[in-house]
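Trainee: A structural model of the following input is requested.
(one chain, ligands or ions: 1)
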Amino acid sequence: MMTERILIVEDEFIVAHDLQMILSHAGYKVAGVADSVKNALILLDKKEVDLVLLDIFLKGKQTGIDLARILMERQIPFIYISANSNERVLEAAKSTLPYGFIVKPYREKDVLLSIDIARYRTNHSQNLKISSKLFMEDFIVSISMKPLSWQKKLLLIAGAFQPYIPFDFLGIIGITKDKLRFSEVGISRKQFDEYELLPIDEFLEASGINTADKKSTHSLFPEHIDDAIFMGEAFTDLTDQVPIKNLVAKTYHLKSNLIKSIRLDNGDLITFSFYSRLDTIFKQEHLDLLHALEPTLIGNLAHIIELEKAEVSRQQGIKEPVPTVFNPPHETIFQKIIGRSPAILNLLDQLLIVAPTDTSVLITGESGTGKEMIAQNLHRLSARRNKSMVAVNCAALPADLIESILFGHEKGAFTGASNRRIGKFEEANGGTIFLDEIGEMPFDLQAKLLRVLQEKEIERVGGGTPIAVDLRIIAATNLNLEKEIAKGKFRLDLFFRLNVFPLEVPSLRARKEDIAVLASYFIEKHSKELGKIITGASANFMDQLSRYHWPGNIRELEHVIIRSILLSKKPELHENLLDFNVEKEEKAAFSSTKTIAENERDHILNVLNQCKGRISGPGGAAELLGIPATTLNSKMKKLGLRR
Ligand SMILES: Nc1ncnc2c1ncn2[C@@H]1O[C@H](COP(=O)(O)OP(=O)(O)OP(=O)(O)O)[C@@H](O)[C@H]1O
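Mentor: Sure, this is the predicted structure:
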């Protein structure tokens with residue numbers, strides 16, 4: 001399928017011409033060449049474009065990264081082509097979610113391969129979109145036909161939305177066409193799969209709002225806000241304008257809001273207001289999904305609302321208790337994953353989306369955050385669950401044997417290869433292979449791994465014929481792969497191929513709310529295993545845990561608990577058992593605070609060491625620091641540094 005129309009945005013004439021030749025030769029249509037963001041936008045308005053090849057530094061003030069943001073909004077895939085491997089630029093570029101990144105000077109095959117990967121990823125995200133829409137359509141229709149109360153129906157539908165539109169609170173507001181409000185409910189997420197439904201009046205009562213205030217809160221409720229996403233300042237402005245939103249946001253610690261309204265056939269307007277505790281979670285694709293579901297919602301919501309209206313008139317002011325907490329049967333969906341912070345719940349939602357697909361997944365996160373545990377759950381929730389997951393730690397394998405361990409070898413392939421050996425990829429055939437510490441994989445082997453991903457075949461060392469394998473690849477790393485790419489240690493093409501669905505496991509610092517539940521879980525688990533009677537921990541012990549910075553994350557927390565259990569002479573763990581003291585550390589950190597100049601000196605020294613003293617040129621200290629070499633030289637002079 002070579003029908004893609006590709007726009008080239010590149011200000012160097014020779015490069016643009018070369019790209020044009022490569023693309024035409026391979027059968028692609030070139031939709032045009034632009035040398036600036038302004039000209040690119042003119043072409044984009046005039047022509048249909050399926051993919052954009054995008055240089056970062058262009059003519060004019062705006063950069064390729066600025067254009068990328070516009071392309072993101074318009075949902076046009078793009079691949080960067082740039083000579084700049086500076087980490088800061090890479091970070092900014094990465095935040096625009098490109099479909100690929102080609103580093104100049106490139107080879108023809110790099111360009112064509114990146115376009116192939118982009119096509120794969122576009123199709124894949126398209127498939128994900130289609131499957132989520134189909135799933136939700138089916139679900140909404142089947143729920144609305146079940147003999148359940150309207151509350152239960154709304155709770156079920158809300159819960160089903162969660163993996164596709166992550167939220168901590170969902171407000172559903174119904175306004176009749178004569179502007180008489182007939183219903184407002186809030187649904188808050190209590191646990192991974194537990195929701196609570198609260199009618200607005202009860203919510204206001206619980207918040208201590210009296211009848212007079214209630215009226216003004218209500219009257220200031222906007223009748224209609226256009227479909228949109230509010231985050232950052234826009235969210236603060238919105239909550240400042242709308243008291244009820246302010247109250248909800250404060251009560252549930254919410255930071256962003258996505259609003260979508262749907263007009264039913266009878267003229268009623270139903271507004272869905274999704275809120276999250278994370279500030280940058282909502283995306284255009286969430287609004288798109290709701291938009292795609294509009295016909296299904298129109299067809300089925302009316303019926304749920306009728307149920308509610310009937311109930312209200314039946315009760316005529318008499319309140320019957322209704323079950324408002326819903327626990328679906330999949331309570332134990334995830335094995336052993338403890339935590340209910342927004343950061344971990346968001347990760348689990350992502351995990352549920354990607355698990356049943358066959359996509360490669362790249363799990364990133366600091367050491368000890370639970371990456372392996374996430375990989376096990378991914379496998380367990382996939383269609384390959386009855387086959388094995390073979391785990392390989394790339395950092396632990398000896399350099400001279402890693403290829404044969406992964407790919408196997410034929411008898412006599414090298415000295416000492418007295419028998420044929422099946423490698424890990426073949427062992428995992430039909431199942432999943434988990435490549436832990438992928439950033440440590442030797443550069444040469446990365447090309448072979450790319451081949452497994454692309455062609456689904458391997459070759460044993462010393463064997464001439466490729467062997468077909470059917471496996472899913474899950475990789476994990478605690479390294480920043482962009483940094484490794486910049487250092488020339490990790491292949492960019494492999495990164496993009498693996499990074500189709502990235503899962504970032506939050507550090508323990510980013511989910512402090514979970515420290516207490518994790519600690520209690522480990523206390524119970526390990527005291528049983530160690531045969532000691534430990535009933536709990538002192539408040540000070542827990543306080544120290546929650547204030548500590550946990551560089552070793554959950555693994556460190558688990559070790560601290562095991563050690564404390566072993567040392568404890570009493571049934572309650574006491575803070576004296578801890579070998580850190582947060583107050584002392586805070587004081588020490590304060591007294592050893594460095595000046596800005598000292599910090600700058602240390603940082604430059606570190607980077608110089610990293611570049612082995614090289615100042616200018618690609619990969620030199622000046623490039624890594626993002627300043628001209630001349631500036632670096634004069635800074636070094638001032639700080640008394642020599643190469
Ligand atoms: N959410 C969780 N609930 C309970 N236990 C957890 C959780 N996450 C991790 N653990 C435990 O913490 C320890 C570290 O987890 P794991 O080995 O998966 O981390 P990792 O990120 O793969 O580490 P590394 O990068 O060093 O390989 C394990 O003992 C695991 O069982």
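Trainee: So which bits of the helix or strand encompassing residue 21 are buried?
Mentor: Using DSSP states H and E, residue 21 sits within helix 13-25. For helix 13-25, a neighbour-count test (16 or more other CB atoms under 10 Å) marks 15, 16, 18, 19, 20, 22, 23 as buried. The way it works is simple: take the backbone N, C-alpha and C, and place the C-beta from them, glycine included.
Trainee: pLDDT averaged over the helix or strand residue 134 falls within, what's the number?
Mentor: Residue 134 is part of helix 108-145 when elements are defined by DSSP H and E. Here helix 108-145 scores 80 as its mean pLDDT.
Trainee: for that helix, packing partners?
Mentor: helix 13-25, strand 51-54, strand 78-82, strand 100-103, helix 150-161, helix 284-292, helix 294-315, helix 492-498 (3 or more CB pairs under 8 Å, 6 or more residues apart in numbering; DSSP states H and E).
Trainee: Next, the buried residues of it.
Mentor: Of all the residues in helix 108-145, those buried under the rule 16+ other CB under 10 Å are 110-111, 113-115, 117-122, 125, 128, 132-133, 136-137, 139-140, 143-144.
Trainee: and stretch 290-303, which residues are buried?
Mentor: 290, 292, 293, 296, 297, 298, 300, 301.
Trainee: how close does the fifth one sit to the ligand?
Mentor: What that stands for is residue 297. The spacing between residue 297 and the ligand, counted by CB to the nearest ligand atom, to the nearest Å, is 35 Å.
Trainee: how much space is there between that residue and residue 390?
Mentor: 44 Å (CB to CB, to the nearest Å).
Trainee: In the stretch 1-150 of the chain, where is pLDDT below threshold?
Mentor: Residues of the stretch 1-150 of the chain meeting the criterion pLDDT under 70: 1-3, 84-85.
Trainee: and the residue of it nearest the ligand?
Mentor: Here the residue of the stretch 1-150 of the chain nearest the ligand is residue 94; by CB to the nearest ligand atom that distance is 21.0 Å.
Trainee: got it, and the chain?
Mentor: Taking CB to the nearest ligand atom, the chain has residue 370 as its residue nearest the ligand, at 2.6 Å.
Trainee: in terms of contact, does that residue touch residue 554 like I think?
Mentor: Yes - at 5.5 Å, residue 370 counts as touching residue 554 under the criterion of CB atoms under 8 Å.
Trainee: Buried residues of the longest strand anywhere in the chain, list them for me.
Mentor: Counting by DSSP state E, the longest strand found in the chain is strand 181-191. Buried residues in strand 181-191, counted by 16+ other CB under 10 Å: 183, 184, 185, 186, 187, 188, 189.
Trainee: again, but for stretch 334-345
Mentor: 334, 337, 338, 339, 340, 341, 342, 343, 344, 345.
Trainee: Do you know the pLDDT at residue 589?
Mentor: 57.
Trainee: Give me the contacts around the helix or strand where residue 519 lies.
Mentor: Using DSSP H and E, residue 519 sits in helix 515-530. Helix 515-530 has contacts (CB atoms under 8 Å, 6 or more residues apart in numbering) with 338-340, 508, 533-534, 536-537, 542, 545-546, 550, 554, 557-558, 561-562, 565-566, 573.
Trainee: so which of these are also by the ligand?
Mentor: When contact is defined as CB under 6 Å from any ligand atom, the contacts of helix 515-530 meet the ligand at 338, 339, 554, 558.
Trainee: Next, the angle from the helix holding residue 134 to helix 284-292.
Mentor: Helix 108-145 and helix 284-292 are oriented at 40 degrees to each other (axes from the mean of the first three to the mean of the last three CA atoms, to 10 degrees).
Trainee: Look up the closest residue to residue 59, ignoring the ones flanking it.
Mentor: Closest residue to residue 59 apart from its sequence neighbours, by CB to CB, 6 or more residues apart in numbering: residue 36 at 4.2 Å.
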